[in-house]
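Novice: Could you work out the structure for the sequence below:
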Amino acid sequence: MFSIILGLCSLLLAGCSAYFSVQGIATLYACQFISVCIMASVLEAGKLVAASYLHRYWKITSFLLKTYLIISVLTLMGITSLGIFGFLMSAYQQSHSKIELVETKRLTLESKKDSV
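Specialist: Predicted coordinates:
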């Protein structure tokens, strides 16, 4: 039972990470949204496959292939992190601009109140 829960949580975590990473990268390069979504999705899938391959075949894989796959997974982890950062920055900017708009309206109303 524990292995099922562990596998389910791993899939949910990987899926959530992939979703936000793809959304973030696509937000950073909004003019080519669909192309970037496809590219980022394939990179995410490749990362999972490479990490799974390393885990499953560690003992029989050559040193050179291990080194390449480890570097690839680490690089793809960095890209995922940048995508999530892009998503979070976009969300922050949207909410910050709304807050600035409300604050500007509040200051305008206060200045009108003071002038009356």
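Novice: which residue is nearest the middle of this structure?
Specialist: The chain has residue 21 as the residue nearest its centroid, 2.0 Å off, counting by CA atoms, centre = their mean.
Novice: and the top helix by length along the chain, what other elements does it pack with?
Specialist: Scanning the chain for the helix with the most residues, using DSSP state H, yields helix 63-115. Applying 3 or more CB pairs under 8 Å, 6 or more residues apart in numbering; DSSP states H and E, one finds that helix 63-115 contacts helix 2-28, helix 33-56. C-beta here means a position set from N, CA and C on the backbone, and glycine is covered the same way.
Novice: mind listing what's buried in the shortest one?
Specialist: Same thing as helix 33-56. Of all the residues in helix 33-56, those buried under the rule 16 or more other CB atoms under 10 Å are 36, 40-41, 43-44, 47-48, 50-51, 54.
Novice: And that helix, what does it pack against?
Specialist: Using 3+ CB pairs under 8 Å, 6+ apart, the elements in contact with helix 33-56 are helix 2-28, helix 63-115.
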